[in-house]
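S.K.: What would the 3D arrangement of this be:
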Amino acid sequence: MARGGYTYIMTNKARGVLYIGVTADIAARAEQHRNGTGSAFCRKYGLTRLVLVEPHDDIMLAIAREKALKAWKREWKIRLVEESNPDWRDMTDLIL
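M.R.: Below is the predicted model of the structure:
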């Protein structure tokens with residue numbers, strides 16, 4: 001049976017630096033980013049704000065979505081976040 005996953009976007013502020021990732025455990029991964037152990041890129045730019053989470057029934061679908069999002073233009077990514085999270089609120093507390 002396939003295990004689900006999540007694609008997500010981290011940032012440091014509204015319309016700031018964006019990081020797109022994929023994980024099977026969004027709560028643990030968000031906590032890693034907040035603690036500075038999630039990725040060198042997030043640590044370097046202080047990306048601790050989880051602003052978008054997309055659940056997927058299959059981890060392979062999550063990986064495909066991550067790759068597609070990384071190929072998007074920056075403005076498309078910003079529009080995607082603002083459609084569901086117009087205030088760029090940190091969603092980490094909602095998932096923990």
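S.K.: Quick check: which ranges of the chain have low pLDDT?
M.R.: Within the chain, the stretches with pLDDT under 70 are 1-2, 96.
S.K.: just checking, what's the longest helix in it?
M.R.: With secondary structure taken from DSSP state H, the chain has its longest helix at helix 59-71.
S.K.: Which strands or helices does it pack on?
M.R.: Judged by 3 or more Cβ pairs under 8 Å, 6 or more residues apart in numbering; DSSP states H and E, the packing partners of helix 59-71 are strand 5-11, strand 18-23, strand 49-56. C-betas here are computed from N, CA, C, even on glycine.
S.K.: Tell me the neighbouring strands of the last one, and mark each as parallel or antiparallel.
M.R.: Partners of strand 49-56 in the sheet, by DSSP bridges, are strand 5-11 (antiparallel).
S.K.: when you compare where the partner strand runs with where strand 18-23 runs, what's the angle?
M.R.: Here strand 5-11 runs at an angle of 160 degrees relative to strand 18-23 (axes from the mean of the first three to the mean of the last three Cα atoms, to 10 degrees).
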